[in-house]
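A.B. asks: No sequence on hand, only this structure:
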């Protein structure tokens, strides 16, 4: 593997413990490696301490009883909408899919919070065709596709997302944000959710989203921008690799 090169550390800045980023990463057992590489990519580039939690179904059995839907491609397809509840309907929280890599300071995204919005997303105009993507998982077209893969929640304004609603509402109701008025859905710059293999990569992507499948899957090893992810894995494994090299 090639050596990972991280961006220079940002200049120090003052912060409050009440204002630190809270990030929830969707967890799927097939993407454990991706979850940890993503978390490290966030922490390594962050200019402030970042709280990171995982949305694991095994930890939500008491409140989330939704049966598996054959159209869902990940374990967290619906449980992601529990983030405001997990955050006590208080403050702000960022949800991010597991199949991503952060290339910038997450504090920059956190600074984009807009009190006028209940949730902020990258409003992709992504039209796909029905079929399959990674590991034979279904690719389902619908309006507002991928909007819910990065969500900056203003949790107090998302009280309608109760465990009962998230367990029973239709997928389209949740993922198309039908639980909000359109005017409550704020925007994020497109660089914070770049769809790899779907759209051109901008000059300075902030978050790469391997929505069609990442190189941690055997059938996606040649996905565009795979080298970036391998660099992220190298950075995560560097201490262990160095230890092996010494023995």
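C.D. replies: Sure, I can see it. These numbers were taken from a predicted model, which means no experiment stands behind them.

A.B. asks: make it CA atoms for all contacts and neighbour counts henceforth
C.D. replies: OK.

A.B. asks: Please point out which parts of stretch 25-43 sit buried.
C.D. replies: Of the residues in stretch 25-43, 25-28, 31, 34-43 count as buried by neighbour count, 16 or more other Cα atoms under 10 Å.

A.B. asks: And the strands in this protein, which stretches?
C.D. replies: Here the chain has its strands, by DSSP state E, at 22-26, 51-55, 92-96, 100-102, 119-121, 131-132, 138-139, 150-154, 185-187, 194-195, 207-209.

A.B. asks: Indicate which one of these is closest to residue 65.
C.D. replies: Checking the strands of the chain against residue 65 by Cα to Cα gives strand 51-55 as the closest, at 14.2 Å.

A.B. asks: what helices or strands is the closest one leaning on?
C.D. replies: Judged by 3 or more Cα pairs under 8 Å, 6 or more residues apart in numbering; DSSP states H and E, strand 51-55 is in contact with strand 22-26.

A.B. asks: contacts for the strand it packs on?
C.D. replies: Residues from elsewhere that reach strand 22-26 (Cα atoms under 8 Å, 6 or more residues apart in numbering): 35, 50-56, 76, 80, 83, 92-98.

A.B. asks: same question, stretch 201-219
C.D. replies: Outside of stretch 201-219, the residues within contact range by Cα under 8 Å, 6+ apart are 31, 33-34, 99-104, 133-135, 191-197, 220-223, 226, 229-230.

A.B. asks: could you flag which of those residues are buried?
C.D. replies: 31, 34, 99-104, 133-134, 191-196, 220, 223, 226, 229-230.

A.B. asks: Next, count neighbours for residue 70.
C.D. replies: By the criterion of other Cα atoms under 10 Å, residue 70 has 8 neighbours.

A.B. asks: Backbone dihedrals for it, please?
C.D. replies: According to degrees, to the nearest 10, the main-chain angles of residue 70 amount to phi -60, psi -20.

A.B. asks: Look up how far residue 63 lies from it.
C.D. replies: Using Cα to Cα, to the nearest Å, residue 70 is found at 21 Å from residue 63.

A.B. asks: Also residue 178?
C.D. replies: Distance, residue 178 to residue 63, by Cα to Cα: 22 Å.

A.B. asks: Look at these two and report which has more neighbours.
C.D. replies: More neighbours surround residue 63 than the other of residue 178 and residue 63, with 14 against 11 (other Cα under 10 Å).

A.B. asks: Tell me who's in contact with the more buried one.
C.D. replies: Residues near residue 63 by Cα under 8 Å, 6+ apart: 163-164.

A.B. asks: Sketch out the helices for this structure, chain order is fine.
C.D. replies: Remark: helices assigned in the chain by DSSP state H are 32-45, 83-86, 106-110, 163-168, 171-175, 226-246.

A.B. asks: For the shortest one, give the mean pLDDT please.
C.D. replies: What helix 83-86 shows for mean pLDDT is 98.

A.B. asks: Which strands and helices lie in contact with it?
C.D. replies: Helix 83-86 sits against strand 92-96, strand 150-154, with contacts defined as 3+ Cα pairs under 8 Å, 6+ apart.

A.B. asks: Among the helices of the chain, which comes closest to residue 149?
C.D. replies: Among the helices of the chain, helix 171-175 comes nearest to residue 149, with 9.3 Å by Cα to Cα.

A.B. asks: buried residues in the closest one?
C.D. replies: 171, 174-175.

A.B. asks: what do you get for stretch 47-64?
C.D. replies: Judged by neighbour count using 16+ other Cα under 10 Å, the buried positions of stretch 47-64 are 47-48, 50, 54-57, 64.
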